[in-house]
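# one predicted model, sequence on top.
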Amino acid sequence: MGEEITSAELTRMVHDSLAEMRSATLFIRTDKNRIIVISTKGGEIITMFSGPKHGAGVIPMLLEMHSATVRIDDVAISHRSSSLPPTPVLMDMLESGKVNVPVETSKGSKATPASRPDFEVAKAVLSELLTEYLGPLAPMCCDDILESLGNSLEGDRLRTAIEKMAAEAGGPEEAQAFSEKAWKQLGR
């Protein structure tokens, strides 16, 4: 397919493509035999998907890979993902190795540095993770839980959302595994 690279080298490759304002599509086969496609154009990531997963839902797969084979085409896929967080947010997640969500400061205002993805990113990560336990029912379950919390993860709502989703994941062992993975992927 192409050259074998590490996760850090892949991040550098995407960063270089963005810095060069290059139109390119990276076809990535991870060491876990997952196919991921990332397309850049004009200094932005315009598409990121792997099978049915799109946007920020792909980040955890990139973060857990140890190595990958990559092929680069000098043409960007023209489809723009509407659910894709801004490029600086995606690159921060790749470079830091964490998927973070907005946090509330001690004065009650939400911290919104450019490196923090929004509610939709956290929702995508939690839904993706819950899919490992519930299969295709996970997105509906995730939506119901988040809706019950006012579609907000501020304050204690993130902890509550993770606890409720963990309870849906199965028995005590599954619940604990879900909770640990969720906190790790959300950078806490």
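Okay, I see it. Note that the coordinates shown come from a computational prediction; the quantities given were computed from them, not determined experimentally. Numbers count the residues shown, from 1 in each chain.
# quick one: distance of the lengthiest helix in the chain to the chain centre.
Ranked by number of residues, the top helix in the chain under DSSP state H is helix 119-134. Distance, stretch centre to chain centre, for helix 119-134: 9 Å (C-alpha atoms, centre = their mean, to the nearest Å).
# mind listing what's buried in that helix?
Applying a neighbour-count criterion of 16 or more other C-beta atoms under 10 Å, the buried positions in helix 119-134 are 119, 121-131, 133-134. Just so you know, the C-beta spots here come from the backbone N, C-alpha and C atoms, and that holds for glycine as well.
# what's the pLDDT at Ile38?
In this model, Ile38 is scored at 90, pLDDT.
# so it touches Val14, yeah?
Yes - taking contacts as C-beta atoms under 8 Å, Ile38 lies within contact range of Val14: 6.2 Å.
# and the two? which has more neighbours close in?
Remark: of Ile38 and Val14, Ile38 carries more neighbours, 27 against 24, as counted by other C-beta atoms under 10 Å.
# care to break this structure down by domain?
Using automatic domain parsing, the domain parsing of the chain gives 3-96, 103-185.
# among those domains, which gets the worst mean confidence?
domain 103-185 (a mean of 78).
# gap between it and the chain center?
On C-alpha atoms, centre = their mean, the centre of domain 103-185 falls 13 Å from the chain's centre.
# now do the helices in this structure.
Secondary structure of the chain (DSSP H): helices at 7-19, 59-64, 87-96, 119-134, 138-148, 157-168, 172-185.
# could I get the ones you listed as a markdown table with distance to Lys53?
Below are the helices of the chain laid out as a markdown table (distance: least, C-beta to C-beta, whole Å):
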| stretch | distance to Lys53 |
| --- | --- |
| helix 7-19 | 17 |
| helix 59-64 | 7 |
| helix 87-96 | 14 |
| helix 119-134 | 6 |
| helix 138-148 | 11 |
| helix 157-168 | 18 |
| helix 172-185 | 13 |
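# now list whatever residues contact both of Ile38 and Val14.
Common contact partners of Ile38 and Val14 (C-beta atoms under 8 Å, 6 or more residues apart in numbering): 26, 45.
# just to revisit the earlier point, the helices of the chain: which one's closest to Asn33?
Relative to Asn33, the nearest member of those by C-beta to C-beta is helix 59-64, separated by 11.1 Å.
# packing partners for the closest one?
For helix 59-64, the packing partners by 3 or more C-beta pairs under 8 Å, 6 or more residues apart in numbering; DSSP states H and E come out as helix 7-19, strand 24-30, helix 87-96, helix 119-134.
# CA atoms only for it - export them in PDB, please.
Presented in PDB, the C-alpha positions along helix 59-64 are these (Å, rounded to 0.1, in the frame of the first residue of the first chain):
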ATOM      1  CA  ILE A  59      -9.600  10.000  16.400                       C
ATOM      2  CA  PRO A  60      -9.600   7.200  19.000                       C
ATOM      3  CA  MET A  61      -8.700   4.700  16.200                       C
ATOM      4  CA  LEU A  62      -5.700   6.900  15.200                       C
ATOM      5  CA  LEU A  63      -4.700   7.300  18.800                       C
ATOM      6  CA  GLU A  64      -4.700   3.600  19.600                       C
END
